[in-house]
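> what follows is a predicted protein model with its sequence.
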Amino acid sequence: MAKIKVTLVKSFHGCKKDQIATVAALGLKKIRDEKTHEDCPQIRGMVTKIKHLVKVEEI
């Protein structure tokens with residue numbers, strides 16, 4: 001299965017609580033944090049929810 005790299009590029013302060021929880025669930029804590037995840041529908045849905053805060057690259 002393919003993998004994606006998710007990078008936090010903007011601050012999540014001032015966002016809704018569910019968006020902050022999504023950032024935490026992806027394992028991102030600070031700006032420029034990167035995490036690698038399997039490319040599955042659940043992760044893609046989480047990324048879509050916070051697409052204005054992250055950058056996604058396929059590996």
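It's in.
> beta partners for the closest residue to I31 other than its chain neighbours?
Of all residues not flanking I31 in the chain, L8 sits nearest, at 5.6 Å (C-beta to C-beta, 6 or more residues apart in numbering). Yep, even glycine has a C-beta here, placed from its N, CA and C like the rest. Beta bridges link L8 to V54 when assigned by DSSP bridges.
> can you check H37 too?
I4.
> wait, C40 touches A2, no?
No. Here C40 lies out of contact with A2, judged by C-beta atoms under 8 Å, at a distance of 9.3 Å.
> what about those two, which has more around it?
C40 (11 against 8; other C-beta atoms under 10 Å).
> now do I31 against Q42, distance only.
I31 is 24 Å from Q42, where distance means C-beta to C-beta, to the nearest Å.
> same check, this time on T7
19 Å.
> those two: which has the busier surroundings?
Between T7 and Q42, T7 has the larger neighbour count (other C-beta under 10 Å), namely 15 against 10.
> just to check, the more buried one is in contact with V54?
Yes. Assessed by C-beta under 8 Å, T7 is found in contact with V54 at 6.3 Å.
> show me the contacts for the residue nearest to A25 when sequence neighbours are not counted.
Ranked by C-beta to C-beta, 6+ apart and with sequence neighbours excluded, the top spatial neighbour of A25 is M46, at 6.5 Å. Shown in contact with M46 (C-beta atoms under 8 Å, 6 or more residues apart in numbering): 22, 25-26.
> out of those residues, which is nearest to I59?
Compare each of those with I59 using C-beta to C-beta and the shortest gap goes to L26, at 15.4 Å.
> contacting residues for the closest one?
Residues in contact with L26 (C-beta under 8 Å, 6+ apart) are 6, 35, 37, 43, 46-47, 50, 54.
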